[in-house]
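1. Need the 3D shape of this:
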Amino acid sequence: QVQLVESGGGVVQTGGSLTLSCAASGRNSDIKYMAWYRQAPGKDRIFVAALNWDYGTPYYADSVKGRFTIARDNAKSALYLHMNNLKPEDTAVYYCAARAVDSEYGIPVAATSYAYWGQGTQVTVSS
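-> You can find the predicted model right below:
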């Protein structure tokens, strides 16, 4: 089992920056991929970014490419999402997710690919 706890959400103005953190505990050595998803009110949970835990190889949704950076600290078992040039449409609850199974198809994007989830942290971008 892997437990995930997000932090760092808040209210920021358009064009501002915010960094989210996700602390992993439990069987961290099993982690193969970690990801960030977000869910706006009344909408589905959508993929934001993910990385290969061993190599740090990232993958981004087109909507955040060039503005968001996913990173990890293996020693601290922590995942980060550095968000720059935030827009009102980035407003959502952001969730951290982890997968403990290798994927032969590359970094998983579907939410169903991740078995472990945090409770979420709210990000609000004011216009």
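2. quick one: contacts for the residue nearest the centre of the chain?
-> Taking Cα atoms, centre = their mean as the criterion, Trp36 is the residue nearest the geometric centre of the chain, at 1.8 Å. If you count contacts by Cβ atoms under 8 Å, 6 or more residues apart in numbering, Trp36 has them with 20, 22, 48-50, 70, 79, 81, 94-97. C-beta: built from backbone N, CA, C; applies to glycine.
3. just Lys32 next, same as before
-> Lys32 neighbours (Cβ under 8 Å, 6+ apart): 52-54, 99-103.
4. Check what pLDDT it gets.
-> pLDDT for Lys32: 96.
5. what does Asn74 give?
-> On the pLDDT scale, Asn74 is placed at 88.
6. Return the residues in contact with it.
-> Trp53.
7. how about the strands in this structure?
-> Assignment of strands within the chain using DSSP state E yields the ranges 2-7, 10-13, 18-26, 33-39, 45-52, 58-60, 68-73, 78-83, 92-99, 116-117, 121-126.
8. Figure out which of these is closest to Val109.
-> strand 45-52 (4.9 Å; Cβ to Cβ).
9. low pLDDT regions in this protein?
-> By pLDDT under 70, the chain contains no weakly predicted segment.
10. try 90
-> 28, 74, 76, 102-105, 127 (pLDDT under 90).
11. so Tyr94 bridges to which residues?
-> Beta-bridge pairing of Tyr94 under DSSP bridges involves Arg38, Thr121.
12. Give me the distance between it and Ala110.
-> Distance, Tyr94 to Ala110, by Cβ to Cβ, to the nearest Å: 17 Å.
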